[in-house]
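# what's the 3D shape of this:
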Amino acid sequence: MPEPAPNPVPGGMSTVTAHLWFNGDCGSAIDFYETALDATPGGDRVPAPDGSGIRHAMLRIGDADVIGSAR
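Model prediction:
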């Protein structure tokens, strides 16, 4: 008999996670969400390879996870 699949939702995350894409630096958008929506950081901000801004960040709004990434 086949084994059940592992839980597809990582521990501590909600079932659906929004992923927002930004042109350029997503840091200013994350800063805005933290101020306007009382979002809390969900981990470290990942800098862009050239050091020009934030490439990837995660935050939590209420009980929802949101990921922001720059193209």
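
# quick one: contacts for the closest residue to residue 41 other than its chain neighbours?
The shortest distance from residue 41 to any residue other than its chain neighbours is 5.7 Å, reached at residue 59 (Cβ to Cβ, 6 or more residues apart in numbering). All C-beta atoms are positioned from the backbone trio N, CA, C, and that covers glycine. The contact partners of residue 59, by Cβ atoms under 8 Å, 6 or more residues apart in numbering, come to 30, 33-34, 39-42, 65-66, 68.

# nearest to residue 4, of those?
Closest approach to residue 4 among the contacts of residue 59 (Cβ to Cβ): residue 65, at 24.1 Å.

# Based on its surroundings, how many neighbours for the closest one?
The local packing count at residue 65 equals 20, with neighbours defined by other Cβ atoms under 10 Å.

# Next: residue 52.
Counted with other Cβ under 10 Å, the burial measure for residue 52 works out to 11 neighbours.

# picking up where we left off before, please save the CA atoms from the one helix or strand the residue nearest to residue 41 maps to in PDB.
Here residue 59 sits within strand 54-61, counting by DSSP states H and E. Output for strand 54-61, consisting of C-alpha atoms alone and laid out as PDB, is shown next (Å, rounded to 0.1, in the frame of the first residue of the first chain):
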ATOM      1  CA  ILE A  54      16.100  43.600  -1.500                       C
ATOM      2  CA  ARG A  55      15.600  40.600  -3.800                       C
ATOM      3  CA  HIS A  56      13.300  38.500  -1.500                       C
ATOM      4  CA  ALA A  57      11.500  39.000   1.800                       C
ATOM      5  CA  MET A  58       8.700  37.300   3.700                       C
ATOM      6  CA  LEU A  59       6.200  38.800   6.000                       C
ATOM      7  CA  ARG A  60       3.100  38.000   7.900                       C
ATOM      8  CA  ILE A  61      -0.200  40.000   7.800                       C
END
